[in-house]
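# Coordinates for the following, if possible.
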Amino acid sequence: MKMSIDIHPKELKGGWDAGYALDVQTVESTYLGDNEFGRPMFDSRRSALGELLYQLKYRNDMAAAGPIVEALAEFLKIRSVTSDVIIPVAPSNPSRKSQPVIEIARTLSTAVNIPLCEKCVLKIKSTPQLKNVYDFTERERILRDAFAVNAKETSGKRVLLFDDLYRSGATMNAVARLLKSDGQASAVFALALTYTRSLR
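Numbering: from 1, shown residues only. Coordinates of the predicted model:
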């Protein structure tokens, strides 16, 4: 698919009506050994979109947001995705000063003229970061009753559920099911910027 940056969309199966991730996060990673804290270090080669997300998320390079949002907006236009509201997935690390998922969702909302609802789905239970939990069933258990939805804002609406990275799908599935059950959304479209190589 030819866009402002090259992307390779992947269809995502889950508790939504349709879902996509725009590209893989890392193309390849080479293990370099452990650092002084005993954590593994990797030399990673990322996709173009994965690199932009990395620069935004870990280098606080706000200039990366522009091409990211452009790619998202072009993809939504090409796929003819129509939605009434954009809902970002609650950040996994709430202590982070800048929240890339929220910032991108805000800019995307303006670019495609779809209202953003930051308070439609709230995280109401503290959970460990799921990147350290590898068992899918355990992830689902951790996320049980972790979110609440504002049905007044979602009832009867077509929701675009947005996240930056799709790893196992546990979080997006939990939120999508909640939007349909408690939130009474008429449709949920899941969209992630990147996905992990384990999904290939």
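
# I'd say G19 and E11 touch.
Yes. Counting by CB atoms under 8 Å, G19 touches E11, with 6.9 Å between them. Placement of C-beta: from N, CA and C, glycine included.

# These two: which has the busier surroundings?
Counted by other CB atoms under 10 Å, G19 and E11 do not tie: G19 has more neighbours, with 22 against 8.

# Quick check: next helix or strand after the helix or strand hosting the more buried one?
G19 is located in strand 18-24, with elements delineated by DSSP states H and E. The helix or strand immediately downstream of strand 18-24 is strand 26-34, counting by DSSP H and E.

# buried set for the strand holding G19?
Of the residues in strand 18-24, those buried by neighbour count under the rule 16 or more other CB atoms under 10 Å are 19-24.

# Next, format those as a markdown table and append pLDDT and distance to N60.
Formatted as a markdown table, the entries for the buried residues of strand 18-24 read as follows, by pLDDT from 0 to 100; distance: CB to CB, whole Å:
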| residue | pLDDT | distance to N60 |
| --- | --- | --- |
| G19 | 97 | 29 |
| Y20 | 97 | 27 |
| A21 | 97 | 23 |
| L22 | 97 | 22 |
| D23 | 97 | 22 |
| V24 | 96 | 23 |
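
# Just name the closest of those residues to I104, please.
Taking CB to CB as the measure, I104 lies nearest L22 of the buried residues of strand 18-24, at 11.7 Å.

# can you pull the contacts of the spatially closest residue to P88 that is not a sequence neighbour?
With CB to CB, 6 or more residues apart in numbering as the measure, A105 is the residue that lies nearest to P88, at 4.0 Å, once sequence neighbours are left out. With contact taken as CB atoms under 8 Å, 6 or more residues apart in numbering, A105 is in contact with 86, 88, 116, 118, 162.
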